[in-house]
Structures are given as structure tokens and as C-alpha cells.
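In: coords below, sequence missing:
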Ligand code: NDP
């Protein structure tokens with residue numbers, strides 16, 4: 001039987017027409033317009049850190065081995081692996097007030113990771129830690145990342161509440177020179193960008209939103225001062241407040257149940273419904289840890305990744321919506337002798353079965369048929385990031401929750417709240433669960449500062465027509481610079497981002513170990529650059545493996561996955577190593593072999609006497 005139970009009443013033309021109609025209702029001009037929060041003075045307060053008080057400090061002048069920008073999963077793991085390689089002086093710089101990256105900022109009520117905790121939380125074996133639940137709360141993840149940082153002593157030298165203002169390669173000094181918005185002046189032998197993929201909040205540009213007279217904030221800066229409570233605890237100050245929640249993506253659906261439990265009323269403004277599958281969270285079984293053999297976490301991550309890449313495994317250890325549905329639609333069965341057309345049709349039918357299952361789930365859980373109709377997702381499963389939750393849909397049965405259908409967005413916001421179809425919704429508080437400039441936002445924009453390499457060329461200039469790299473982690477003209485691998489950057493994509501971060505960190509740690517060894521042998525410091533031939537060859541591999549899926553993706557409801565309705569704008573240079581989501585295992589093998597060989601193939605290496 002197919003996932004989804006096998007469609008019985010499947011009429012492909014009717015389904016396609018319905019999906020297209022739903023897409024067209026949403027493909028309206030201006031739907032993707034956003035306010036650039038880095039420049040927007042009116043909404044500058046949306047960036048303030050509500051969690052850690054800002055404290056003054058003297059500017060720092062220092063010369064260190066490595067500066068890492070970003071103290072999230074990527075930065076912490078890079079720091080940990082660099083420590084293992086013997087690197088002593090490491091400074092993490094982050095705009096946040098502490099470790100955690102996305103898990104530092106996203107402390108909204110209900111925040112959880114819907115990727116299984118046993119594969120998502122890194123270094124569980126090294127820290128001898130077992131997550132409390134199958135899916136971890138944001139707070140547990142943040143504290144765990146803090147524990148990793150503590151284990152590798154990354155905290156004391158970190159510069160928090162600090163933004164990098166600029167980074168430039170100093171040829172004479174054979175170092176990067178980093179300036180910050182707090183007047184720091186740092187130099188380092190290696191510069192590591194671990195800036196994350198969800199670090200730029202997306203705030204829509206809705207007419208009149210600056211006139212709103214109540215309290216408003218983005219979900220990544222939750223204002224517990226206003227709502228009361230804390231992550232994982234009831235929102236004690238909302239009993240007499242009407243809340244408007246904008247956004248029903250992975251964040252919005254997690255926010256709703258605690259809001260519904262606390263507020264006088266919640267209006268949920270929904271542009272596109274998410275496909276919300278079963279999460280089935282549960283406590284970790286008491287004997288979970290006892291059953292594990294050394295190496296279990298990497299093996300479990302690999303098992304998850306293998307299933308996600310459509311490879312056969314003896315047992316699906318994760319066994320959840322990702323491995324059942326997401327993996328299935330990305331790898332429909334291809335039997336011998338099947339034509340391409342048959343294969344594509346089979347994939348479409350499989351997808352339909354899964355979406356029908358989601359639509360039936362809405363019907364079963366939501367009592368009001370009108371609300372249920374609006375909550376049913378009509379698009380292909382692969383069009384949007386899937387969601388998983390056990391309480392979201394049921395929240396619409398609460399009398400204090402009203403779903404407001406606004407497929408084309410809201411008309412405007414007034415001083416009282418949003419206006420949809422001419423109706424004013426009076427609210428005390430507006431929560432923007434409107435997401436982030438994600439995956440395909442170019443690295444140089446996510447980094448937020450000029451990265452100036454040899455000859456005064458910036459990374460933004462060099463990558464203006466798309467990425468150019470070796471392994472998605474180094475780029476010619478930017479000596480001694482490493483970039484943690486990420487989507488849109490000539491590496492691979494993993495649903496469990498941690499798995500890619502582990503790989504990137506191990507590579508960077510290993511590479512710095514090799515490079516430093518060469519420096520020590522030559523009594524100096526190593527300067528590496530990517531050779532023109534190696535970069536050309538890698539970039540060409542990426543371009544050659546690009547699969548143009550714009551035909552399928554153009555039929556999707558707009559989302560960031562299909563570039564808001566313009567999948568044809570996908571740049572093959574920003575693709576992956578290997579087709580589709582990329583060949584994770586092949587990529588890993590290649591990096592491991594590179595490290596094992598020890599000859600740093602593809603790099604031009606010079607050992608310089610260390611200038612005073
Ligand atoms: P998303 O981009 O997924 O969702 C944003 C929501 O805001 C969508 O519902 C969108 O509607 C809506 N929206 C945007 N602009 C407007 C507007 N002008 N008017 C009305 N509605 C609007 O952001 P999330 O923060 O939900 O998730 C971002 C990413 O963060 C996820 O994809 C995931 O990678 C990560 N995440 C992971 C979690 C996990 O459990 N692992 C949990 C939470 C987040 P529309 O769909 O129509 O565009």
C-alpha cells in the first residue's frame with residue numbers, strides 16, 4: 001500500500017486544476033515584499049534582544065587563531081572540531097546575547113524541533129546526554145548547545161551582542177582583519193563563517209503596519225514581558241488580551257496551542273495552510289540509553305539520511321512523518337521498464353495520496369467544517385516545508401480561536417489591527433510568525449558584512465552570479481576562509497541540518513589541522529587559496545548535476561521553496577553536489593578521502609614566516 005493509504009478516487013486533471021486554482025489565489029503582486037529589518041529604522045526595535053540585557057564593554061584588540069562568526073549549531077560544532085585539532089585561540093562572534101543561534105532567538109511558546117532529537121542534538125555521545133523526548137523543546141536544544149560550547153571552552157572568549165562590521169584579508173600580515181559594531185579590532189589566521197540559514201527575520205511589508213497601536217513582535221523575539229510566562233510555561237498575562245497570529249508555517253503552528261490556552265481570543269491569519277502531519281511526541285524510553293552501542297548517534301543520523309535519500313535500510317529507526325512522507329514523495333518508486341512519464345505520474349499519484357491523508361486528518365480533528373475546509377492544504381506535498389504537530393489542528397476547536405482566511409494576504413493593518421476582506425480585526429497584540437530569509441538568500445547577505453578578499457574583491461561581487469567554491473566551503477581569492485556548508489552553496493542539503501553541520505565542522509577542523517602541520521614544518525603560518533582549476537571543476541560538477549524542477553515547482557502554491565512562484569529563477573550554480581537534495585554520502589566520502597590523503601589537493605599553499 002502506498003503512503004497515504006492509496007488513492008481510490010484519483011482524477012489527475014481535476015487535482016491539477018484545483019491545485020492551480022489555489023496557487024493562483026495566492027500569486028498576487030507584492031506577496032513576497034518584505035521590510036529589510038537591517039535598514040528599517042521604524043522597525044529597528046524588532047531586532048532587539050529581549051532575552052539578555054546588553055552590557056557595555058571596552059573594545060577588544062586581539063590576535064587569535066580563528067574567528068567564527070555565529071554561535072549556533074554550525075559555529076559551536078566548528079569550534080568544537082577546531083579544539084579537537086588543537087587550535088587554542090578561538091573567538092566566536094554573535095549578535096545574540098549567548099550561544100544557540102536560531103535556538104537562542106526562537107524562544108516562542110511551544111518551540112520544538114520536529115526533527116527527531118536523537119539525531120538533531122549534536123554530540124550526544126560525547127556529552128553523555130540523552131534527550132528527554134523524541135522531539136526536543138527549543139530550550140533543551142539551546143541548553144545542550146551551551147553545554148557543547150562549555151565542554152570545548154568556547155564561551156569565555158566569545159563576543160556576544162556583537163555584529164561583524166567588516167572582514168578583510170591582510171596579505172602582508174597573512175591574516176583576516178575583523179572589525180565589529182562595538183569597536184573591536186581582531187586579527188586571525190583563519191576566518192570561519194557559520195552565519196546560519198535562519199538568521200534574517202522576514203517581516204512582511206503590509207500597508208499601515210507601522211500604525212498599529214498595540215504590542216507587536218516577530219516570533220524570533222518573543223516578548224514574554226508582554227505575554228507573561230516563559231518557554232514551556234503558561235502565558236500568564238494574556239487572559240484579557242486579543243492576539244493576532246500572522247503566519248501558519250512551522251513556527252506559527254507551534255505558537256498557536258499555548259496562545260489558545262492563554263489568550264482571551266486568538267485570530268489566526270492564514271495565507272496558506274501547512275500540511276500538518278502526526279508528530280507523536282513521547283518521552284524517551286527509560287532504557288533507551290542502555291540499548292545503545294558506541295557510535296550509535298552517527299549510525300542513527302546515517303539511517304535517517306539514507307531513508308531521506310531513498311536508499312533501502314534494514315530498519316527505519318526514526319520512523320516518522322519525514323521518513324514516511326517526505327522521503328516517499330522525493331523518491332517515488334521507479335520500476336524497471338517504466339517510462340519517464342509513468343514515473344512522474346506515479347510520483348504525482350503518491351503525492352496525492354499523502355495530501356489526501358493530511359486533508360482527512362484536518363476533517364477528523366477540526367469540528368467546524370468551514371474552518372476545516374480552509375485548513376486543508378491543496379498543493380503537492382513537496383511544494384512547502386511539511387509540518388508535524390499533535391495539538392495545532394485541535395486548537396481550532398477552542399471557542400476563543402478564529403481562523404481568518406486571507407490567501408492573498410491582508411489588505412492593511414490599522415492602529416487597531418489587521419483588515420481582511422474589509423473587516424477590521426481589533427487585536428491587542430500582533431505576532432509576526434512570518435519566517436526568515438531562508439536557504440537561498442545569498443551567503444553574503446546572511447553574513448551581513450563585507451568580506452573583502454585578495455585585490456579588494458568582495459564575496460558579494462564574486463558570488464553576484466552565483467556561488468563559486470571548492471566543496472561549498474572555500475572560495476578562490478579568499479585565503480584562509482572557511483564557510484560552513486549550507487543550502488544554496490554548492491554543498492548538499494540535509495533535512496537534519498545538524499548532520500551537515502557535523503560534516504562541515506569535521507572537515508574544517510581536519511583541514512586546519514593539516515594546514516597548521518604544514519605551517520609548523522615550514523616554521524611559519526600557512527596561507528591557502530583554492531586553485532582556479534579546482535574551483536572551476538567543483539562549480540562545473542554542481543552545474544552539471546542541476547535538475548531543473550521548475551516545471552513541477554511552478555504549479556505549486558508560492559513559497560520560498562519555489563522562489564515565491566518563480567522556480568525558473570533557480571541558479572544552477574547555487575545547487576548541490578549530486579542531483580536533487582544532493583549526494584550526502586558521496587560528498588562525505590570525498591571530504592574524508594581529502595582529509596585522509598593529507599595533500600590538500602585543490603589548494604595552493606604557501607608557508608609564510610609569521611610577521612611580527
Ligand atoms: P515560514 O516561512 O515557513 O512561514 C511563514 C508564514 O508566514 C507562512 O504561513 C506565510 O504564508 C506567512 N506569511 C508571510 N508573509 C505574510 C503576509 N504578508 N501575510 C500573511 N501571512 C504571511 O516561517 P516559519 O518561521 O514558520 O519557519 C521557517 C523555517 O524555520 C522552517 O521552514 C524551518 O526550516 C524552521 N523551523 C523549524 C522548526 C522545526 O521544528 N524544526 C520549527 C519552526 C521553524 P505563506 O505560506 O502563504 O507564504
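Out: Yep, it's here. All of these numbers come straight from a predicted model, not from anything done at the bench.
In: And residue 296, how far from residue 144?
Out: 17 Å (C-beta to C-beta, to the nearest Å). Bear in mind the C-beta positions are built from the backbone N, C-alpha and C, glycine included.
In: Of these two, which one has the most company?
Out: Comparing residue 296 with residue 144 by neighbour count (other C-beta atoms under 10 Å), the higher total belongs to residue 144, at 25 against 15.
In: so that one makes contact with residue 132?
Out: No: taking C-beta atoms under 8 Å as the definition, residue 144 is not a contact partner of residue 132, at 10.5 Å.
In: Residue numbers of the stretch 301-450 of the chain in contact with the ligand?
Out: Residues of the stretch 301-450 of the chain that fall close to the ligand, judged by C-beta under 6 Å from any ligand atom: 385, 409-410, 433-436.
In: State the number of residues packed around the residue in the stretch 51-200 of the chain that the ligand sits nearest to.
Out: For the stretch 51-200 of the chain, the residue closest to the ligand is residue 114, as judged by C-beta to the nearest ligand atom, at 3.5 Å. Per other C-beta under 10 Å, the neighbour tally for residue 114 reads 22.
In: Quickly find the element holding it.
Out: For residue 114, there is no helix or strand it lies in under DSSP states H and E.
In: Who are the contact partners of it?
Out: Contacts for residue 114 (C-beta atoms under 8 Å, 6 or more residues apart in numbering) come out as 135, 250, 279, 387-389.
In: What parts of the stretch 451-600 of the chain come near the ligand?
Out: 559-560.
In: Just give the closest residue to the residue in the stretch 451-600 of the chain that the ligand sits nearest to, not the sequence neighbours.
Out: Taking C-beta to the nearest ligand atom as the measure, the stretch 451-600 of the chain has residue 559 as its residue closest to the ligand, at 5.5 Å. Spatially, and ignoring its direct neighbours in sequence, residue 559 is nearest to residue 384 (4.9 Å; C-beta to C-beta, 6 or more residues apart in numbering).
In: my guess is the one you found meets residue 558, correct?
Out: No: Residue 384 is not in contact with residue 558 according to C-beta under 8 Å; the separation is 9.5 Å.
In: who has more neighbours, those two?
Out: Legend: neighbour count by other C-beta under 10 Å for residue 384 and residue 558, higher for residue 558 (25 against 22).
In: quick one: that one from residue 27, how far?
Out: Distance from residue 558 to residue 27, by C-beta to C-beta: 6 Å.
In: Point out where the chain drops to low pLDDT.
Out: 1-8, 439, 611-612 (pLDDT under 70).
In: Now with 50, please.
Out: For the chain, the stretches with pLDDT under 50 are 1-2, 4-5.
In: Could you list which residues are in contact with residue 137?
Out: So residue 137 contacts 111-112, 231-232 (C-beta under 8 Å, 6+ apart).
In: Next up, identify which helix or strand residue 486 is on.
Out: Per DSSP H and E: residue 486 is located in neither a helix nor a strand.
In: ok, it - how many residues close by?
Out: 25.
In: before we move on, the earlier item: so which of the contacts of residue 137 wins on neighbours?
Out: Within these, most neighbours by other C-beta under 10 Å means residue 111, with 25 neighbours.
In: With the flanking residues excluded, which residue is spatially nearest to that one?
Out: Nearest to residue 111 is residue 138, by C-beta to C-beta, 6+ apart, at 3.4 Å.
In: Could you verify my assumption that that neighbour touches residue 104?
Out: No: in this structure, residue 138 is not within contact of residue 104 by C-beta under 8 Å, at 9.3 Å.
In: where does residue 37 fall, helix, sheet strand or coil?
Out: Residue 37 falls in the coil class when you classify it by DSSP: H, G, I helix; E, B strand; the rest coil.
In: For residue 447, which residues are in contact?
Out: Residue 447 neighbours (C-beta under 8 Å, 6+ apart): 69, 164, 193, 195, 459.
In: out of the residues you listed, which are inside helices?
Out: The helices, defined by DSSP state H, take in residue 459 from the contacts of residue 447.
In: With neighbour count as extra columns, can I get the contacts of residue 447 in CSV?
Out: Shown next, in CSV, are the contacts of residue 447 (neighbours: other C-beta atoms under 10 Å):
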residue, neighbour count
69, 29
164, 26
193, 28
195, 27
459, 25
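In: picking up where we left off before, what do residue 558 and residue 27 both touch?
Out: residue 565.
In: Which residue is the nearest non-sequential neighbour of the closest residue to the ligand within the stretch 101-250 of the chain?
Out: Going by C-beta to the nearest ligand atom, the ligand is nearest to residue 249 of the stretch 101-250 of the chain, at 2.4 Å. Counting by C-beta to C-beta, 6+ apart, residue 249 lies nearest to residue 435, which is 5.7 Å off, once chain neighbours are set aside.
In: show me the contacts for the one you found.
Out: Contact analysis of residue 435 by C-beta under 8 Å, 6+ apart lists 201-202, 247, 249, 251, 560.
In: That one and residue 330: what is the separation?
Out: Separation of residue 435 from residue 330 (C-beta to C-beta): 22 Å.
In: Now the phi/psi pair for the residue of the stretch 51-200 of the chain closest to the ligand, please.
Out: Main-chain dihedrals, residue 114, degrees, to the nearest 10: phi -90, psi 10.
In: gap between it and residue 152?
Out: Distance from residue 114 to residue 152, by C-beta to C-beta: 27 Å.
In: now residue 321
Out: For residue 321, the distance to residue 152 - C-beta to C-beta - is 34 Å.
In: if you count what's nearby, which of those two comes out ahead?
Out: residue 321 (22 against 18).
In: thought that one was touching residue 281?
Out: No: in this structure, residue 321 is not within contact of residue 281 by C-beta under 8 Å, at 11.7 Å.
In: Which helix or strand contains residue 540?
Out: Using DSSP H and E, residue 540 maps to helix 532-544.
In: circling back to that earlier point, just the contacts of residue 114: which are in strands?
Out: 387-388 (DSSP state E).
In: Reformat the residues of the stretch 301-450 of the chain next to the ligand as CSV; add secondary structure.
Out: Below are those laid out as CSV (three-state DSSP):
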residue, secondary structure
385, coil
409, coil
410, coil
433, coil
434, coil
435, coil
436, strand
